[in-house]
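In: here are the coordinates; sequence isn't available:
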């Protein structure tokens, strides 16, 4: 390795074109994140597919047949959007929290921190990674849904925008969790004790009209209720909440959480000493 | 032009530890600079601030004239870092790690592939390009980090103990590689615990202890500050007792070896003629200890004594 001719010739570089650097850097983060999703497909795509299948078999076919219609649709058609959204939410969150915390734990987050890439772009790159997994899994679960029932689409634009915004929101939440986490327990705590209960109580399996009045009021404090219902509205045109208000909540959450993530990275919380 | 400049650099950690107490330091472009100090002296903190892995408490840092407070991206683009601890994804292949690294600095994939081949060949890792990083040996992992740091052809390469735990053969080939890239124009800052390494490679040295620079000069001038050196003479024939050499301190570790302490105003010719005069034939001669190591220990010990006196 010692030949002088092989040594790296260091020329004085021209001033870096930051826009070009950012574009290539962003693509690199996204490709790396997507490659990770594909590389560990048995952990990223297969489990949600199996879980969704079990939900459709048990709640959709076996129990659902005895429940009758809900909102004018069969029970399996009513819960299908919620089940898809549930997997999108948990996988978007899970992708960013595990990837970012894994990078912190293995110290290779330093590759990004010492690079000239700005923090807003690093956050955007990880979010696109989370959204990619959310949408891939959402697509797989949708295909499984179609095996069990017909999916009526009321408004495709609402379907796509609701799933995209929800995925971004939970990718950003996953990032905040990863930034603060100091060990692996702390990246499983929020999904287990906060995300899962909120998802199950967010109207995935029922309309909140079935609940007593006080429980309906409490349910309105659950942000996942708005996401599930906006998504469901896109499919079957039925919602427990005002869809416009649901969008306001999702867009507001995206802005607030994105600014929070960039600010935390800027301050070096959990990443710099 | 200065590759790196610190002015009044301070760092106090949340636990109250003052790691840097107002450091001023300049590293000229093209230099091969040693930053030395005992464990916990503040070397890695200083490097962490330059590479923005550590937030500074005060002072200014400029990299090729780019202030890290105002032009952070431009400053970072100039730096290649080989950290002390392994910090690549152990589950990725060598090629993926290097291509990604280039991407983070805006280097397109086709250019990255050319540089990857050049750097991996130069560092004898080409055969391992498809290997998963965790399967590499310790020495290979160190070389991988050097190859990674060179992917964006940095003007300033910071090597934080790059040869730690590496066998002597690999270490020496890494030294040659570092000399070559320095000769090609890259400024290098090296921290190491192998002081022989710093003495052999570096033209300037700064010694940092307890957050302060206690020595900063050309390597040759620093070494001249040593008042005495101990030389070891290997003798052809055994001797019964150490010869009396007035003006010199002579010890005899065994019957074939003499150790003689020589001060700056004495010379070796005089010693050789005196040994010849008493019939002692010298086969070979060497320094007993590494000169920089000796100076380092004296400076650090002196610093500790002064600190104790102020308590």
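Out: Sure thing, it's come through. Treat the numbers as computed from the prediction; the structure is a model and nothing was measured.

In: C-alpha from now on. contacts and neighbour counts both.
Out: Fine.

In: So out of everything in chain A, what residue is nearest chain B?
Out: Nearest residue of chain A to chain B, counting by C-alpha to the nearest C-alpha: residue A:21, 3.6 Å away.

In: Please name the nearest non-neighbouring residue to that residue.
Out: Distances taken as C-alpha to C-alpha, 6 or more residues apart in numbering or on different chains place residue B:106 nearest to residue A:21, at 3.6 Å, with adjacent residues excluded.

In: Where does the one you found sit: helix, strand or coil?
Out: Of the three states, residue B:106 takes coil under DSSP: H, G, I helix; E, B strand; the rest coil.

In: Any residues of the stretch 151-300 of chain B in contact with chain A? List them.
Out: Neighbours of chain A within the stretch 151-300 of chain B, by C-alpha under 8 Å from any C-alpha of the partner chain: B:153-155, B:173-174, B:176-177, B:180-181, B:184-186.

In: what helix or strand does the nearest residue to residue A:111 once chain neighbours are set aside sit in?
Out: Spatial nearest neighbour of residue A:111, excluding adjacent residues (C-alpha to C-alpha, 6+ apart): residue B:101 at 6.9 Å. In this structure, residue B:101 sits in helix B:94-104 according to DSSP states H and E.

In: Ok, residue B:157 next?
Out: strand B:156-160.

In: ok, that strand: who's next to it in the sheet?
Out: Partners of strand B:156-160 in the sheet, by DSSP bridges, are strand B:79-82 (parallel), strand B:187-191 (parallel).

In: And those strands: which comes nearest residue B:96?
Out: Judged by C-alpha to C-alpha, the one of the strands paired with strand B:156-160 that comes nearest to residue B:96 is strand B:79-82, at 17.4 Å.

In: what does the closest one contact?
Out: Residues outside strand B:79-82 that contact it (C-alpha atoms under 8 Å, 6 or more residues apart in numbering or on different chains): B:51, B:145-146, B:149-150, B:152-160, B:162.

In: Buried subset of the residues you listed as a ChimeraX selection?
Out: Here is the ChimeraX command that selects the buried residues among those (16 or more other C-alpha atoms under 10 Å in any protein chain shown):
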select /B:51,145,146,149,150,152,153,154,155,156,157,158,159,160,162
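
In: nearest spatial neighbour of residue B:274, skipping sequence neighbours?
Out: Closest to residue B:274 by C-alpha to C-alpha, 6+ apart is residue B:245, at 7.4 Å.

In: Which parts of chain B are strands?
Out: Ranges of strands in chain B, per DSSP state E, are B:2-12, B:18-28, B:32-36, B:58-63, B:66-67, B:79-82, B:156-160, B:187-191, B:204-209, B:212-218, B:228-235, B:249-254, B:257-263, B:282-287.

In: Let me have those in JSON lines, adding mean pLDDT as columns.
Out: Formatted as JSON lines, those follow (pLDDT from 0 to 100):
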{"stretch": "strand B:2-12", "mean pLDDT": "96"}
{"stretch": "strand B:18-28", "mean pLDDT": "96"}
{"stretch": "strand B:32-36", "mean pLDDT": "95"}
{"stretch": "strand B:58-63", "mean pLDDT": "97"}
{"stretch": "strand B:66-67", "mean pLDDT": "96"}
{"stretch": "strand B:79-82", "mean pLDDT": "97"}
{"stretch": "strand B:156-160", "mean pLDDT": "96"}
{"stretch": "strand B:187-191", "mean pLDDT": "96"}
{"stretch": "strand B:204-209", "mean pLDDT": "93"}
{"stretch": "strand B:212-218", "mean pLDDT": "92"}
{"stretch": "strand B:228-235", "mean pLDDT": "87"}
{"stretch": "strand B:249-254", "mean pLDDT": "91"}
{"stretch": "strand B:257-263", "mean pLDDT": "89"}
{"stretch": "strand B:282-287", "mean pLDDT": "90"}
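
In: Could you dump these into TSV with distance to residue A:48 added?
Out: Output for these, formatted as TSV (distance: least, C-alpha to C-alpha, whole Å):
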stretch	distance to residue A:48
strand B:2-12	47
strand B:18-28	48
strand B:32-36	52
strand B:58-63	48
strand B:66-67	48
strand B:79-82	40
strand B:156-160	44
strand B:187-191	49
strand B:204-209	55
strand B:212-218	56
strand B:228-235	72
strand B:249-254	74
strand B:257-263	75
strand B:282-287	68
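
In: Residue A:212: which of those strands is closest?
Out: Among the strands of chain B, strand B:2-12 sits nearest to residue A:212 (C-alpha to C-alpha), with 56.4 Å.

In: Other residues contacting the strand holding residue B:157?
Out: The contact list for strand B:156-160 (C-alpha under 8 Å, 6+ apart) reads B:3, B:44, B:47, B:78-84, B:149-150, B:186-192.
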